[in-house]
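J.: My questions are about this predicted structure, shown below with the sequence.
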Amino acid sequence: MNFDRSLGEFEQIVLLAILRLGDEAYGVTILSEIAARTGRNPSPGALYTTLHRMEDKGLVTFRDGSPTPERGGRAKRFVTVTREGRNALASAQSAYRSLLEGLDLLPNPINRIRVPHVSLLRHGFGATNV
Amino acid sequence: MSKPLSESVLARLTDPTRAAAIIGDLEELAATRSRLWFWTTYVGTLILLGWRTPVALVCSAVCMSRMAIALTKLKITLMHHGGSWIYARTHPQTSSFTWIFCWFMVRALSFALPFVLIRFGLRNRLTQLACALLLITLPIYMLGPLPGELSTILCVLAIAAAFLLPPWRRPMIVLAATCIPVVAMNPLFHLWFLYAIHIKQIPIAVFTWGSRYPATHFLYEMTAFLLAAIVCSYLYRRLLPHRSVIA
C-alpha cells in the first residue's frame, strides 16, 4: 500500500459517506449519513479536521454552494472524492477484503463481521464503484 | 453579534472559506439542538483545529533550549580535544564564516524543524526542507574542518537550489521567514545588553544569573519564538494554499 495514500479508519468512513451522498455531501449530511449507517456520532470538529487533512492530501475537493438562511446566510461547502481518493479507498478496501478472505468465521463476512464501515458498504456501494 | 467574532476566530485557525462553512454547518445543526450545543461544539472544533500551533511552539522552544545546551557541551568537549578549528585558527576567513553560518543555521532550524514537524507533519515539503538543511549543517559540530566547510557549501547550495526550483521556492521562503526572528533574537539581545550596560549605565549585577537576566532572556526568547510561529503560520496560509480548487 502506498504510504502517502494510506487511509485511517475514520477517513474511509468519511470517504464512503461522501460517495454515498453524491452531490449532496457537505458537513451536515455527512454527519447524518455516518450516524445513520454506522450508529456513531462523530463530533463536527473531528469531521472537519479529517476533511481538511484529506483535502491537503488531495483525496477530496470542495465546491461552494449557494448561501441559505438556516445557515445564517453562509454557503454550503460540498465535498467530492477525487480520483486519488477513490484509488486510496479501493486500495484500503481490497486490503480488508484480502484479510477477510478465507476466514471461516461467519457464513457471510461482509454482512456479519463488525468491520467499522461495513454498513456503509453493503447498501449498494461496491468495489466496482470505487 | 457574536457570529462574526466566532467565525473570525475560526478563520485564524483555518481560512475564511472553511470557517464560514463550519459555522454554517454548526448553525444548521444547532437549529434542532440548543445554543449550548452550538458553543460547546464550536469550542471543541476550535481545540481540534488549533491545538497543533501552541503544542508545536512549546515543543520547539524546549527542543531549541535542549539543543543549545547539548551543542555548547559538544563545543567545549571538542575544544578540549584539539578542536581548535572551531575558533578558526587554521583557515581564518572561511572557518569563521563556516562557524557563524552553521551556528545560526543550527540554532534557527532546531526551533523551526520541531515546529513545522508538529504543525504540518512529516510529509509536508516545509518539514522535509528543514530536516534536510539541519542534516546538512550538523556535521560542523561533529567532524573536522573540511567536512564542516563542505557542509556549509552544501547548505548554501541547497538553499540556492530551493529558491530556484519552483516546487521548493515557497516552502523555502516560509522557512527563511520563520528562521529570521529566531536567529535575530540572539544578536539583538546582546546589543540591547551592551546598550543597557554602557549607554544606560545599568549596573551589571542587575543582569547576572539569579537576578533579572534569566527572566529578560526568557522574555526575549519567547517573543522571538512567538513571532516566528506567527510568521510561519501566516506565510504558510498565504503562500502554500491547499491543493484543491474551490469551484
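T.: Arrived safely, thanks for sending.
J.: What residues of stretch B:60-73 count as buried?
T.: Residues of stretch B:60-73 classed as buried: B:60, B:61, B:63, B:64, B:67, B:68, B:71 (neighbour count, 16 or more other CB atoms under 10 Å in any protein chain shown). In short, each C-beta sits where N, CA and C put it, glycine included.
J.: right, I mislabeled it, should have said stretch B:185-193
T.: Neighbour counts over stretch B:185-193 (16+ other CB under 10 Å) mark B:185, B:186, B:189, B:193 as buried.
J.: before we move on, back to that, among the buried residues of stretch B:60-73, which ones are in helices?
T.: Counted as lying in helices by DSSP state H, out of these, are B:60, B:61, B:63, B:64, B:67, B:68, B:71.
J.: pretty sure the fifth one contacts residue B:109?
T.: Looking back up the chat, that one is residue B:67. No: Residue B:67 lies out of contact with residue B:109 (CB atoms under 8 Å); the separation is 9.2 Å.
J.: Wasn't residue A:77 part of a strand?
T.: Yes: counting by DSSP: H, G, I helix; E, B strand; the rest coil, residue A:77 is located in a strand.
J.: Which phi and psi values does the closest residue in space to it that isn't next to it in sequence adopt?
T.: Once flanking residues are discounted, residue A:77 sits nearest to residue B:21: 3.6 Å by CB to CB, 6 or more residues apart in numbering or on different chains. Here is the backbone geometry of residue B:21 (degrees, to the nearest 10): phi -70, psi -40.
J.: Counting neighbours, what do you get for residue B:21?
T.: By other CB atoms under 10 Å in any protein chain shown, the residues close to residue B:21 number 25.
J.: what's it in contact with, if anything?
T.: A:26, A:27, A:62, A:74, A:75, A:76, A:77 (CB atoms under 8 Å, 6 or more residues apart in numbering or on different chains).
J.: do residue B:31 as well
T.: Contacts of residue B:31 were listed using CB under 8 Å, 6+ apart, and they are residue A:70.
J.: Read off the pLDDT value for it.
T.: The pLDDT attached to residue B:31 in the predicted structure is 87.
J.: now it: how far from residue A:68?
T.: The gap separating residue B:31 from residue A:68 is 11 Å, by CB to CB, to the nearest Å.
J.: Could you name every residue contacting both of these two?
T.: Here residue B:31 and residue A:68 have no joint contacts, going by CB under 8 Å, 6+ apart.
J.: in the strand or helix carrying residue B:26, what's buried?
T.: Using DSSP states H and E, residue B:26 sits within helix B:16-30. Buried residues in helix B:16-30, counted by 16+ other CB under 10 Å: B:18-30.
J.: Nearest the geometric middle of chain A, what residue?
T.: Centroid-nearest residue in chain A, with CA atoms, centre = their mean: residue A:15, separated by 2.2 Å.
J.: show me what contacts that residue?
T.: Here residue A:15 is in contact with A:7, A:54, A:59, A:60, A:81, A:85, A:88, A:89 (criterion: CB under 8 Å, 6+ apart).
J.: Skip the chain neighbours and tell me the closest residue to the first one.
T.: This points to residue A:7. Nearest residue to residue A:7 in three dimensions, chain neighbours excluded: residue A:92, at 4.7 Å (CB to CB, 6+ apart).
J.: Now the top helix by length along chain A: average pLDDT?
T.: Counting by DSSP H, the longest helix found in chain A is helix A:83-100. For helix A:83-100, mean pLDDT is 89.
J.: So, low pLDDT: which residues of chain A?
T.: Low-confidence segments of chain A (pLDDT under 70): A:1-5, A:105-130.
J.: One more pass at 80, please.
T.: Along chain A, the parts satisfying pLDDT under 80 run over A:1-6, A:104-130.
J.: would residue A:63 count as being in a strand?
T.: Yes: counting by three-state DSSP, residue A:63 is part of a strand.
J.: wouldn't it be in contact with residue A:75 here?
T.: No: with contact defined as CB under 8 Å, residue A:63 does not reach residue A:75; the gap is 9.7 Å.
J.: Show me what the helix or strand containing residue B:43 is packed against.
T.: Residue B:43 is part of helix B:35-50 when elements are defined by DSSP H and E. Of the remaining helices and strands, those touching helix B:35-50 by 3 or more CB pairs under 8 Å, 6 or more residues apart in numbering or on different chains; DSSP states H and E are helix A:44-56, helix B:2-13, helix B:16-30.
J.: In that helix, which residues are buried?
T.: Neighbour counts using 16+ other CB under 10 Å place B:38, B:41, B:42, B:45, B:46, B:48, B:49 of helix B:35-50 among the buried residues.
J.: do stretch A:7-18 as well
T.: Buried residues in stretch A:7-18, defined by neighbour count with 16+ other CB under 10 Å: A:7, A:10, A:11, A:12, A:13, A:14, A:15, A:16, A:17, A:18.
J.: For residue A:66, which residues are in contact?
T.: So residue A:66 contacts A:75, A:76 (CB under 8 Å, 6+ apart).
J.: Kindly calculate the angle that whichever strand or helix holds it makes with helix A:44-56.
T.: Taking DSSP H and E as the definition, one finds residue A:66 inside strand A:60-68. Using axes from the mean of the first three to the mean of the last three CA atoms, to 10 degrees, the inter-axis angle of strand A:60-68 relative to helix A:44-56 is 130 degrees.
J.: secondary structure class for the residue in chain B sticking out farthest from the centre?
T.: Distance from the centre of chain B peaks at residue B:32, with 43.9 Å (CA atoms, centre = their mean). Taken by three-state DSSP, the conformation at residue B:32 corresponds to coil.
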